[in-house]
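Mind looking at a prediction? Sequence and model below.
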Amino acid sequence: MPTHIRLEGNERKPRPGTVRVRDVRPTTPIEVTVTVRHPDLPDPRSRLTRRQLEDSHAVSPDDTAAVKRVLGRYGLTVSDVQAATGSLVVSGTAAQIEAAFEPGLGVYRTAGGREFRGREGHVKIPRALRGVVTGVFGLDQRRVARRRVRDRQGARRRSMSSHQPLGPAELEQRYRFPDGRGEGQTIAIAEFGGGYFPADLRRYCHEHGRDVPHVTTVPVGLRPLTRRQIANLPADRRAEARGESGEVMMDVEIVAGLCDKAKIYLLFAPFDQRGWIDLLDRVMALDPPPVTLSVSWGSAEDSDDWSAAAHRAINHRLHAASLLGITVCVATGDDGSGDSMDDDRAHVHFPASSPYVLAVGGTMLKGDREVVWWNEPGDHSEPHGGSTGGGVSAAFERPTWQRVRRVRSVNPGAIDGRTIPDVAALAGLPGYAVVHNGRTAMNGGTSASAPVWAALIARIAARRPDRPAQFLTPLLYAKKRAFRDVTEGHNTSPQPGRGYHAREGYDATCGLGVPDGEALLASL
């Protein structure tokens, strides 16, 4: 009888454009996150304290003990057990990892010459852990966290002739933010690359008459880059890192400008599947838990880069976060109905498609009207192109609380899936005023819409100090008068050449619409 069995849902397909160049050296130290089975979680409209989550829905101590005992036979060390979500950090040499999981690790090279550790096919686990271990993450370090890095200077030159990008005061006025600056609230922001530059934040706050908030960077297997580190990178990687850093600074500056009295945690994790899982575990371990987490990263939910096990593990952690009252605001992507896939089908972004987040789409201004964000050709194949993501999930059924007129997928034979976005905010012109590398510029995309909503949620929570934080997404569907409907535009991208159109009421471009913050506060 074989000593190992296949671990279903952890298959990794060959990545197009990459080649295996060598095996991983047997002595290479490797650390992975192993997930174990967990009890079912209650409806996300429930509310649990962290203690209640740990006491009632934690993984079995017998299961964690079994993992430690069995993997210890291979010389592996198990540490940092997250009982509430079922994560265990496992470390050892590549040879020990190979003996325990038989992944066939290799070093792969992309067409651009970059190398990463990866694998193909299935992972196996010792037979004694059958039904206990659900996933092994971190063996394959291919990228699954992406966000579009815009040509900020080019976009700024194009827009500034007739548009002035918006700062916090204009955003407060446009979306009728409640008074206050997020006093007493904690906001988390997820990042998967780039650097954080406090000097840029100080300049931004000075330019807009805001205090500089307390920002804490939290490395979760990745530290933010410094300017010196970026300057020493190869030319192609240097340009990418600068772009990613500009996106990081946009996230922080939008939140800081609207909630300069809140405490902001900026968490950095690697952009692979393990990075997502570890970051969400770390967010839930913050004390106190944040009222909201802003996520401007993701990729198509049915991309081969995601494994089924990663979908389940990330979705489980988002579910747990919702029970703690954390509203996770996730951008729906900047590539319209196709979401950068090239298969003649429409796609939606993950984790925006999870039923345990607030999916945030994008608008733009057309005169005095706020319409669906769409710049020709509807994706980023052209320098100034882009469009809000949105559509019908092929992975998640429509949750019971999404009580709106059904949106039919433009894909033939599709399920009645979760539809995104839930809400929207400005993504296109006139854009957002930002400071990057000491210079004022503009930026945008749904990467900006998500932190706007995170800041609004924190402002509302600050006005309700006697009420515990609550996962807001299901509640919003009963508060339709707290939104301004967006009824003009579409998100069609060149692939698949069809998309979704705005209409009266809920739709798959801007969801319920853009917020009226004062009305939303009153309705809650």
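That came in fine, so what should we check first?

hey, let's count contacts and neighbours off CA atoms from now on
OK.

was I right about Ala111 contacting Gly17?
Yes - judged on CA atoms under 8 Å, Ala111 makes contact with Gly17 at a distance of 5.7 Å.

which residue is nearest the middle of this structure?
Val295 (3.7 Å; CA atoms, centre = their mean).

what's the weakest-modelled helix or strand in the protein?
Least confident helix or strand, the chain: helix 152-160 with a mean of 40, by mean pLDDT, DSSP states H and E.

so how far is stretch 469-483 off the chain centroid?
Distance of stretch 469-483 from its chain centroid, counting by CA atoms, centre = their mean, to the nearest Å, is 20 Å.

let me fix that: stretch 338-351
For stretch 338-351, the distance to the chain centre is 16 Å (CA atoms, centre = their mean).

which residues are contacting it?
Defining contact as CA atoms under 8 Å, 6 or more residues apart in numbering, one finds that stretch 338-351 is touched by 298-303, 314-315, 330, 332-333, 337, 357, 379, 389-394, 410-411, 420, 492-499.

For it, buried residues please.
Neighbour-count burial for stretch 338-351 flags 338-341, 345-351 (criterion: 16 or more other CA atoms under 10 Å).

Show me the contacts of stretch 338-351 that map onto helices.
Among those, the members falling in helices (DSSP state H) are 314-315.

now the contacts of stretch 338-351: which count as buried?
298-302, 314-315, 330, 332-333, 337, 357, 379, 389-394, 410-411, 420, 492-496, 498-499.

Restricted to strands, list the residues you listed.
Of the buried ones among the contacts of stretch 338-351, the ones assigned to strands by DSSP state E are 299-300, 330, 391-394, 420.

Poorly predicted segments of the chain, please.
1, 150-162 (pLDDT under 70).

and it, what are its domains?
Annotated domains of the chain cover 4-137, 152-523 [automatic domain parsing].

Minimum distance to Val144: which of the ones you listed has it?
Ranking the domains of the chain by proximity to Val144 (CA to CA) places domain 152-523 first, at 5.3 Å.

Give me the contact list for the longest helix anywhere in the chain.
Ranked by number of residues, the top helix in the chain under DSSP H is helix 235-258. For helix 235-258, contacts defined as CA under 8 Å, 6+ apart pick out 149-150, 167-168, 172, 181-182, 189, 191, 193-197, 200-201, 204-205, 208, 210, 212-213, 230-232, 262, 264, 266, 434-436, 443, 447-448, 451-452, 454-456.

try it again with 6 Å
149, 168, 194-195, 230, 436, 451, 455 (CA atoms under 6 Å, 6 or more residues apart in numbering).

again, but for stretch 130-140
32-37, 117-119, 274, 309.

In helices only, show me the residues you listed.
Reading helices off the contacts of stretch 130-140 with DSSP H, I get 274, 309.

before we move on, the earlier item: so of the ones in strands among the buried ones among the contacts of stretch 338-351, which two are at opposite extremes in space?
Maximum pairwise distance in those, criterion CA to CA, is 17.7 Å, between Val330 and Ala394.

quick one on the thing from earlier: run the chain-centre distance for the longest helix of the chain.
Counting by CA atoms, centre = their mean, helix 235-258 comes out at 15 Å from the chain centroid.

Quick check: which helices or strands does the helix or strand just after that helix pack against?
As assigned by DSSP states H and E, the chain's next helix or strand after helix 235-258 is strand 263-268. Counting contacts by 3 or more CA pairs under 6 Å, 6 or more residues apart in numbering; DSSP states H and E, strand 263-268 packs against strand 186-191, strand 214-219.

which residues touch the first one?
Identification of contacts with strand 186-191 by CA under 6 Å, 6+ apart yields 262-268, 290-295.

And for the last one?
Applying CA under 6 Å, 6+ apart, the set of residues contacting strand 214-219 from outside is 263-268.

And the strands in the stretch 301-450 of the chain, which stretches?
Counting by DSSP state E, counting those that start in this stretch, the stretch 301-450 of the chain has strands at residues 327-331, 349-350, 358-366, 369-372, 374-375, 386-387, 391-397, 417-420, 423-426, 432-436, 439-443.

Pick the most buried one from those strands.
For the strands of the stretch 301-450 of the chain, the largest average neighbour count (mean count of other CA atoms under 10 Å) is found in strand 386-387, namely a mean of 32.

next one: that strand to chain centre, how far?
Mean-position distance between strand 386-387 and its chain equals 18 Å (CA atoms, centre = their mean).

And for stretch 341-361?
11 Å.

so how far is the first residue of it from its last?
Start-to-end span of stretch 341-361 (CA to CA, to the nearest Å) is 18 Å.

Pretty sure Val78 sits in a strand.
Yes - under DSSP: H, G, I helix; E, B strand; the rest coil, Val78 falls within a strand.

The closest residue to it other than its chain neighbours and Asp422: what is the separation?
Taking CA to CA, 6 or more residues apart in numbering, and ignoring the residues beside it in sequence, Val78 has Val90 as its nearest neighbour in space, at 4.6 Å. For Val90, the distance to Asp422 (CA to CA) stands at 37 Å.

can you tell me which two in the contacts of stretch 130-140 are farthest apart?
Longest span within the contacts of stretch 130-140, CA to CA: Arg37 and Arg117, 26.5 Å.

Can you name the residues that contact the closest residue to Gly184 other than its chain neighbours?
Distances taken as CA to CA, 6+ apart place Ala262 nearest to Gly184, at 5.9 Å, with adjacent residues excluded. By CA under 6 Å, 6+ apart, the residues touching Ala262 are 182-186.

Please apply the same query to Val423.
Per CA under 6 Å, 6+ apart, neighbours of Val423: 360, 510-513.

do that again at 8 Å, thanks
Neighbouring residues of Val423 by CA under 8 Å, 6+ apart: 358-361, 510-515.

what's the answer for Asn315, then?
With contact set as CA under 8 Å, 6+ apart, Asn315 has these partners: 351, 354, 356.

could you check the distance from the last one over to Ala331?
So the one you mean is Tyr356. The gap separating Tyr356 from Ala331 is 14 Å, by CA to CA.

One more: Pro355?
14 Å.

Over to Leu318?
Counting by CA to CA, the gap from Leu318 to Ala331 is 15 Å.

now do Leu280
Distance from Leu280 to Ala331, counting by CA to CA: 16 Å.

How about His214?
As judged by CA to CA, His214 and Ala331 stand 24 Å apart.

that older thread, so of the helices and strands packed on strand 263-268, which one's packed in deepest?
Each of the helices and strands packed on strand 263-268 was scored by mean neighbour count; the highest is strand 186-191, a mean of 26, by mean count of other CA under 10 Å.

Toward the C-terminus, what is the element adjacent to that strand?
Remark: after strand 186-191, the chain's next helix or strand is helix 198-207, criterion DSSP H and E.

Right, I'll call it a day here.
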